[in-house]
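# Provided below for reference: sequence and predicted model.
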Amino acid sequence: MKRLLLSLLVALAAPSLFALEPTPRPDPARFAKDIAAFAEQPAEKGGIVFTGSSSIRLWKTLNEDFPGLPVLNRGFGGSVANDLIVHFDTLISRHKPRLIVTYTGSNDINAKLTVAETMADYTKFLELVHERFPKARVIITSVKIGEKRIAQIPQVLEVNRQLQAWAEGKNWARYVDCHSYLADETGHPIRKYYAKDLLHLSPEGYEEWTKILKPVLHEEWAKVKPE
């Protein structure tokens, strides 16, 4: 009887034990060439660093969209928040930014990370920014929805809700809703804002994103730009 009870207890405990196992993060070494290419470029310092996944990497008109601002693109496609932590020195530190604009989260969810794991990695990166550059400010752009990953929209919206809540009360971080325009009244992604892959943004999508970010970027830059 004791052996039977012990077996039952082990069986009941097993699922919770497995649930404690963290989801493996994608190997940061897969971006060795991208990071090496960044490292070879001159270290523009004291400006605005945009970093994150392919939505940043594919923003080819970044300089034209934000004229007069010292913007620098340090996005690399397929990245997750953990990659931003691992490659922090090359992406962020060497540029000594006064303002950082982040976009990540979608690939984290797609890599089967839970909302809690996604938030843990993302906020770890944000706290690292603040620790290393306490006078810098951070603009957190919300995770976008997409028809290609339509089943993940509930998790994406929950990440956005938690990011917004996390940023409240932090005078160095500002959450910006950059995803609501992508959905119609039913919450379904609007086709014209997406590229043919139904995941990345079309020129129209970037145009709307620029309209949202431009005033915010100018406001935040005014708080940190050199005299």
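Okay, I see it.
# how many neighbouring residues does T23 have?
Using other CB atoms under 10 Å as the criterion, T23 is surrounded by 11 other residues. C-betas here are computed from N, CA, C, even on glycine.
# thought it was touching A111?
Yes. With contact defined as CB atoms under 8 Å, T23 counts as touching A111 (7.4 Å).
# now the residue nearest the centre of the chain: phi and psi?
Geometric centre of the chain, nearest residue: T104, 1.7 Å, by CA atoms, centre = their mean. Torsion angles at T104 (phi, psi; degrees, to the nearest 10) stand at phi -160, psi 170.
# next, the residue nearest to L113 when sequence neighbours are not counted: secondary structure please.
Excluding its sequence neighbours, the residue lying closest to L113 (CB to CB, 6 or more residues apart in numbering) is T23, at 4.9 Å. Going by DSSP: H, G, I helix; E, B strand; the rest coil, the secondary structure assigned to T23 is coil.
# which residues touch T23?
Applying CB atoms under 8 Å, 6 or more residues apart in numbering to T23 gives the contacts A111, K112, L113, T114, E117.
# how about the strands in this protein?
48-52, 71-75, 99-103, 137-141, 173-176 (DSSP state E).
# can you put these in TSV and add mean neighbour count and mean pLDDT?
Putting these into TSV (neighbours: other CB atoms under 10 Å; pLDDT from 0 to 100) gives the following:
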stretch	mean neighbour count	mean pLDDT
strand 48-52	27	98
strand 71-75	21	97
strand 99-103	25	98
strand 137-141	24	98
strand 173-176	18	98
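# need those strands in a markdown table with distance to K124, can you?
Formatted as a markdown table, those follow (distance: least, CB to CB, whole Å):
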| stretch | distance to K124 |
| --- | --- |
| strand 48-52 | 15 |
| strand 71-75 | 18 |
| strand 99-103 | 12 |
| strand 137-141 | 13 |
| strand 173-176 | 14 |
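# now for the helix of greatest length in the chain, which elements pack on it?
Using DSSP state H, we find that the single longest helix of the chain is helix 203-224. Identification of packing neighbours for helix 203-224 by 3 or more CB pairs under 8 Å, 6 or more residues apart in numbering; DSSP states H and E yields helix 62-65, strand 99-103, strand 137-141, strand 173-176.
# just to revisit the earlier point, of all the strands of the chain, which lies closest to R161?
The stretch from those with the least distance to R161 (CB to CB) is strand 173-176; that distance is 10.1 Å.
# so where's this structure uncertain?
1-20 (pLDDT under 70).
# mind redoing it with 50?
Within the chain, the segments meeting pLDDT under 50 span 1-2, 4-18.
# where along the protein do the helices fall?
2-19, 32-40, 54-57, 62-65, 81-86, 88-91, 106-110, 115-132, 153-167, 203-224.
# need those in JSON lines with distance to K192, can you?
Below are the helices of the chain laid out as JSON lines (distance: least, CB to CB, whole Å):
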{"stretch": "helix 2-19", "distance to K192": "41"}
{"stretch": "helix 32-40", "distance to K192": "30"}
{"stretch": "helix 54-57", "distance to K192": "17"}
{"stretch": "helix 62-65", "distance to K192": "18"}
{"stretch": "helix 81-86", "distance to K192": "29"}
{"stretch": "helix 88-91", "distance to K192": "32"}
{"stretch": "helix 106-110", "distance to K192": "19"}
{"stretch": "helix 115-132", "distance to K192": "28"}
{"stretch": "helix 153-167", "distance to K192": "18"}
{"stretch": "helix 203-224", "distance to K192": "5"}
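# before we move on, the earlier item: which one of the contacts of T23 has the most neighbours?
L113 (25 neighbours).
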